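**Q** Give me the fold of what follows.
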Amino acid sequence: MSLTRTFQVGETRVEALRGINLEIPRGQFVALVGPSGSGKSTFLNLVGGLDRPTDGELWIDGVELGASKEKALTEHRRRRVGFIFQSFQLLPRLTAVENVALPLMFAGVDAAERLERARVLLVQVGLEGRLHHRPGQLSGGEQQRVAIARALVGRPSILLADEPTGNIDSVTGREILALFRRIIEEEHVTFLMASHDGMVDEYVDWILQLKDGQIVQ
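**A** Model prediction:
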C-alpha cells in the first residue's frame, strides 16, 4: 500500500508524503533530493521510527513499523538505525571517544567494551590522533567523522543522514561522501541521505527526486 504522511497545521492539511511506493535493497547508498518541503526529512523520520505513517505500510527487516507499538519502535531505533545529524549534536564536555561510546552506555554495554568499540571506529574514520579531543578542539569535518562513528557504534543495519554535508566546506564534503561510500562497502549497511548537495551523484547508487511528497524521478 502506498505510504502517506499528513499533518494538520491549524486549519491547513499538509500532505508531506503522498503515495510513496518503493523497495530499497539492503546495502544501497540512496540520496533523497528535492526542494525544502518535498518530503525528504519526513521519509527519513518514518524509516527511523521517529514518526508513523498516516496510511500505508512500511516494512524494514520483516517488521511493519506503521502498526508497531512504541516499544517496538524504540527497539527499532536502538538496534537497527544509526542517525547522523547536520549539526553533529556532540556533547561539548565529552571527548571524541566518550561521545562515540555514549549510546552503548544506554544499551548496557560495560565501560571497557564501549570505549574499545568507540576507539576502533574512530580509527576507522581517520581520527586515531583525535580520540581525546573535545568537539571544540575539532574541525567541522572532524566533528562529522565523530558523529559518523557514533552512528555506527551500535552496529546498525540502516544509516540515516539529513543534510550531512550542509555545515562543512565542499572539499571536506567530498571526503565525507567518500567515507560514507567506504563504510557502506565495509559494513554492508543501507544508507539513506537527504541532500541538496550536487556532489552526491558521484557516490550514491540511487537518486530519488522528491517533489510535493512524491517520487518524480
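**Q** Just the CA atoms of stretch 194-207, as CSV, please.
**A** What follows is stretch 194-207, C-alpha atoms only, in CSV (Å, rounded to 0.1, in the frame of the first residue of the first chain):
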residue,chain,number,x,y,z
ALA,A,194,18.6,13.7,2.3
SER,A,195,20.7,16.2,0.5
HIS,A,196,20.8,19.4,-1.6
ASP,A,197,24.4,18.7,-2.5
GLY,A,198,25.0,18.1,-6.2
MET,A,199,28.2,16.2,-5.4
VAL,A,200,26.2,13.2,-4.2
ASP,A,201,25.7,12.0,-7.8
GLU,A,202,29.3,10.6,-7.9
TYR,A,203,28.9,8.5,-4.8
VAL,A,204,25.4,7.1,-4.5
ASP,A,205,23.7,4.0,-6.0
TRP,A,206,20.3,5.6,-6.3
ILE,A,207,19.0,9.2,-6.5
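**Q** Going by neighbour count, list what's buried in that stretch.
**A** Across stretch 194-207, burial judged by 16 or more other C-beta atoms under 10 Å covers 194-195, 197, 200, 203-204. Any C-beta I mention is one placed from the backbone N, CA and C, and that applies to glycine too.
**Q** Farthest pair within those residues?
**A** With C-beta to C-beta as the measure, no two of the buried residues of stretch 194-207 lie farther apart than A194 and Y203, at 14.4 Å.
**Q** Quick check: the residue lying closest to P53 once chain neighbours are set aside vs I60, distance?
**A** Distances taken as C-beta to C-beta, 6 or more residues apart in numbering place G66 nearest to P53, at 4.8 Å, with adjacent residues excluded. Distance, G66 to I60, using C-beta to C-beta, to the nearest Å: 11 Å.
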